[in-house]
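What follows is a predicted protein model with its sequence.
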Amino acid sequence: LKSILRQTVPVDMIVLLPRRVQGRTIGEKVSKVLNEGLNSIKLEDFDYILRVDCETVLPPNFIEENLKGEPDLCGESGHAMLLKVKSFKKAMNCRFHPLSDDSYTMRKFGMLGLKVDKWHVRPIHKRRIHSIKEQFMRGILRYRIGYTPIHILLMCRHDIKRIFGVFGYFYALLKRIPKFDVASYTWNQQIRRLKQLFA
């Protein structure tokens, strides 16, 4: 909260959402809380909204630097994400996907040809330790978002605990769990990057 108040670009309104909610995954819980919080905001009064996780600290110039290119969305994960309200309405009808608060949003913006930027100034994030069940459910979610098998396998190269995400991914593949509307876009983007690596 202090890091938001110290931003070089002033924040007009801060909404704290300290609720505990039921849900199978962290993403589901976060989406539910965010969507309930959005009900208390008159979004048309704002150009951008900033969503920040409670364990994330922002450098003082985070907003200023990340808005310089006037992106429709700036972020790499839900730790800290800037969303242009007009674009958020176009892409998501100003609601986060009930199963994915960040990954789906970024891909939906990209699929629609909106400008998605990575952080120019990174937030300081305290890493969460996810349970085996959460890792497994994340694997299912990544399958539904359209990740390629090679990207799922590569995720284990720095953290062997992510193997449970691999199990979740292939469980979803074998069960043919329905994919999201952004799946083809995600798959094509990842294949394009792989081709560039081996070109």
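It's in.

Going by C-alpha atoms from here, please, whenever you check contacts or count neighbours.
Fine.

can you tell me which residues contact the spatially most central residue of the chain?
Closest residue to the average C-alpha location of the chain: D102 at 1.8 Å, with Cα atoms, centre = their mean. Shown in contact with D102 (Cα atoms under 8 Å, 6 or more residues apart in numbering): 27, 77-78, 96.

The protein: helices as residue ranges?
Applying DSSP state H to the chain gives helices spanning 2-5, 26-38, 62-66, 85-92, 103-111, 132-145, 149-154, 163-175, 183-198.

quick one: the fifth one to helix 132-145, angle?
I take that to be helix 103-111. 20 degrees (axes from the mean of the first three to the mean of the last three Cα atoms, to 10 degrees).

Could you export helix 103-111 as CSV, CA atoms only?
Presented in CSV, the C-alpha positions along helix 103-111 are these (Å, rounded to 0.1, in the frame of the first residue of the first chain):
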residue,chain,number,x,y,z
SER,A,103,-2.9,-15.4,-18.1
TYR,A,104,-6.3,-15.4,-19.9
THR,A,105,-6.5,-11.6,-19.8
MET,A,106,-3.1,-11.1,-21.4
ARG,A,107,-3.9,-13.5,-24.2
LYS,A,108,-7.3,-12.2,-24.8
PHE,A,109,-5.9,-8.7,-25.3
GLY,A,110,-3.2,-10.0,-27.6
MET,A,111,-5.7,-12.1,-29.6
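
who does that helix touch, helix- and strand-wise?
Applying 3 or more Cα pairs under 8 Å, 6 or more residues apart in numbering; DSSP states H and E, we find helix 103-111 packed against helix 85-92, strand 116-117, helix 183-198.

Could you tell me which strands the helix or strand bottoming out on mean pLDDT in the chain is paired with, and in which direction each runs?
Least confident helix or strand, the chain: strand 124-125 with a mean of 88, by mean pLDDT, DSSP states H and E. Within its sheet, strand 124-125 is paired with strand 56-57 (antiparallel), according to DSSP bridges.
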